[in-house]
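I would like to see how this sequence folds:
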Amino acid sequence: MSSPTHALSKSRFVSGLQCRKRLYLETHHRELASEPSVGLRRIFDSGHAVGELAQKEFPEGRLIDAPFYDTATALRDTESALDAGVRVLYEPAFLYRGVLVRVDILRKGDDGRWHMIEVKSTTGVSDTHIADVAIQRYVTEGAGLQVASCYVMHLNRDCRYPDLSNLFVLDDVTEAVTGAFADISALVTEFTGILLEDSAPDVPIGAHCTRPYECPFKAHCWSHVSEPSIFTIPRLNERKIAQLVGKGITTIADLPETFPLSENQRRYVAVAKGAEPRILWPSIADALRELTFPLYFLDFETMAEAVPRHHGLGPYRPYPFQYSLHIMQPDGTLEHREYLHPDGSDPRAPLAEQLLSDIGVVGTIVAWNASFEKRVISDLATHLPRLRRNLRSLLSRFFDLLPIFRDFYIHPGFRGSASIKDVLPVLVPELSYATLEVQAGDVAQVAWLQMLSTDDDSERLSLADSLKAYCALDTLAMVRIYEVLLEQLRSMGLPATC
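Numbering: from 1, shown residues only. As a prediction, this is how the structure comes out:
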């Protein structure tokens, strides 16, 4: 354990399992990686917080707190703790065959063998977790310790605040890790060899670029892909994507006419190749005639936290903290209502009360991907018995705009998507998220948490304004898209209102 030299770490090893090229670039060309998103940084922060809570489940341990870049100190402190007979270690470091690992929790049993615990801020165990633990066990045993069992300690989806006594589940993964163990030595040899090469291995792009996680080098490796690409073809499976990429085909323009596709996929390809939209106006008119005025264009912003902090919530159980509501009358008059929870208290009751006050007893509630808004309201009804009947009465009044752009209005500019953020620039180019401080839901979550934690009044006001502007644009975008559809239908003499 005395040499601090290492080429691989457990994170690099797992990266290599996803893609050999990613392993090489992470080691030699970090400058080519995209900056982690705000949402991804929040996931990292949650992971650290969960890890600290997990340590409390195994008290009286010793933390090896040397920073990640100080390998020599981490190894030395780990060796000193073992020599001193410490029976529980947090983040001990081990080095074997040029691979460095830091184990989340290591606990010594009465028989002198060790139990390895990997902490994850997820609600289950994945194949990636097994590989993560397997390389740790390989290195730890190679460094001289005998590992009796391996566990993944993850969040318990059945836990409910305020009782956090069962926040964690300890899953014994020893058998699965043992099954993965046979390949570890060969992989270490392979990965070490890759890192000694003068250039990155040639790995074609494909589904592995986004699974199990989006690779930080995706933008670099995909720089040659021009739109519209084969990756925008709806529901094109991995095998077919690999076939096309293997032949050097990434753009729809190069897609052979004889390539097997479903009828829906073929229609999309025809639209993309012809650069002309495919619009079923009678079907759109029939759908819009279902609407009853006044129209309530509704969008929620929700928070989902690893460690719940409001009554009845479990890990990652979402709850709303904000909504925007644009109300359209039959004459086109538009009114805007909104709610943004101002502090760290439970926002659900005051939000639901104002929502019921803002939405009248008649009229259609319009959403984009309405299943999300309906699920939020259903959860509110479950949590708030006194409002349950009124909240549930809203559910039957929803109309979803998304299926129109999935089934009836196919445009090459949507790039195979029916997301409002892809539809809006094509139909209403004068509206844009690009100028906003908050431009996505995960950024809204981070902004709200910052708003709650800051002591600076001006910063709090600025964050609140940014959140309101983002959520308001979500509903205003629906209004303007609806109006564009109406204008086009009227120009063709197709009535779309009752």
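
can I see the domain layout of this protein?
8-195, 223-275, 283-491 (automatic domain parsing).

Across the sheet, point out what pairs with Glu335.
Ile327 (DSSP bridges).

need the contact list for it.
Glu335 makes contacts with 326-327, 329, as judged by C-beta atoms under 8 Å, 6 or more residues apart in numbering. (Glycine included, C-beta is placed from N, CA and C.)

Who wins on neighbours among the residues you listed?
Within the contacts of Glu335, most neighbours by other C-beta atoms under 10 Å means His326, with 24 neighbours.

so that one sits right up against Leu476, yeah?
Yes: using C-beta atoms under 8 Å, His326 is in contact with Leu476, at 6.0 Å.

shared neighbours of the two, anything?
Joint contacts of His326 and Leu476 (C-beta under 8 Å, 6+ apart) are 297, 336.

coming back round to it: can I get the contacts of Glu335 in a markdown table with distance to Ala469?
Shown next, in a markdown table, are those (distance: C-beta to C-beta, whole Å):
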| residue | distance to Ala469 |
| --- | --- |
| His326 | 14 |
| Ile327 | 18 |
| Gln329 | 24 |
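
which SSE is Asp299 in?
strand 295-303 (DSSP states H and E).

Count the residues that sit near Ser262.
For Ser262, the neighbour count with other C-beta under 10 Å is 12.

Let me know how buried the residue lying closest to it once chain neighbours are set aside is, in neighbour terms.
Leaving aside its chain neighbours, Ser262 sits nearest to Arg235 (7.4 Å; criterion: C-beta to C-beta, 6 or more residues apart in numbering). Counted by other C-beta under 10 Å, the residues lying close to Arg235 total 10.

I'd like the numbering to begin with 41 instead of 1 from here.
Renumbered: residue one is now 41, and that last one reads Arg275.

what's the helix or strand for Arg275?
Secondary structure (DSSP H and E) places Arg275 outside all helices and strands.

can you list contacts of stretch 489-498?
By C-beta under 8 Å, 6+ apart, stretch 489-498 touches 343, 383-384, 499-500, 503-504, 507.

Tell me the first helix or strand C-terminal of the helix or strand bottoming out on mean pLDDT in the chain.
When the helices and strands of the chain are scored by mean pLDDT, DSSP states H and E, helix 303-314 comes last with a mean of 89. Counting by DSSP H and E, the next helix or strand C-terminal to helix 303-314 is strand 318-319.

Quick check: neighbours of that following strand in the sheet, parallel or antiparallel?
According to DSSP bridges, strand 318-319 has these partners: strand 449-450 (antiparallel).

what about the partner strand, distance to the chain center?
27 Å (C-alpha atoms, centre = their mean, to the nearest Å).

could I have stretch 386-405 exported to PDB, CA atoms only?
Provided in PDB are the C-alpha atoms of stretch 386-405 (Å, rounded to 0.1, in the frame of the first residue of the first chain):
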ATOM      1  CA  ASP A 386     -44.300  22.200   3.300                       C
ATOM      2  CA  PRO A 387     -45.700  23.900   0.200                       C
ATOM      3  CA  ARG A 388     -48.400  21.400  -0.700                       C
ATOM      4  CA  ALA A 389     -51.400  22.800   1.300                       C
ATOM      5  CA  PRO A 390     -51.100  26.500   0.500                       C
ATOM      6  CA  LEU A 391     -50.300  25.700  -3.200                       C
ATOM      7  CA  ALA A 392     -53.300  23.400  -3.500                       C
ATOM      8  CA  GLU A 393     -55.600  25.900  -1.800                       C
ATOM      9  CA  GLN A 394     -54.600  28.700  -4.200                       C
ATOM     10  CA  LEU A 395     -54.800  26.400  -7.200                       C
ATOM     11  CA  LEU A 396     -58.400  25.500  -6.300                       C
ATOM     12  CA  SER A 397     -59.100  29.200  -5.900                       C
ATOM     13  CA  ASP A 398     -57.500  30.100  -9.300                       C
ATOM     14  CA  ILE A 399     -59.200  27.300 -11.300                       C
ATOM     15  CA  GLY A 400     -63.000  27.700 -11.700                       C
ATOM     16  CA  VAL A 401     -65.400  24.800 -11.500                       C
ATOM     17  CA  VAL A 402     -65.900  24.600 -15.300                       C
ATOM     18  CA  GLY A 403     -63.400  24.800 -18.200                       C
ATOM     19  CA  THR A 404     -60.700  22.600 -19.600                       C
ATOM     20  CA  ILE A 405     -57.300  22.300 -18.000                       C
END
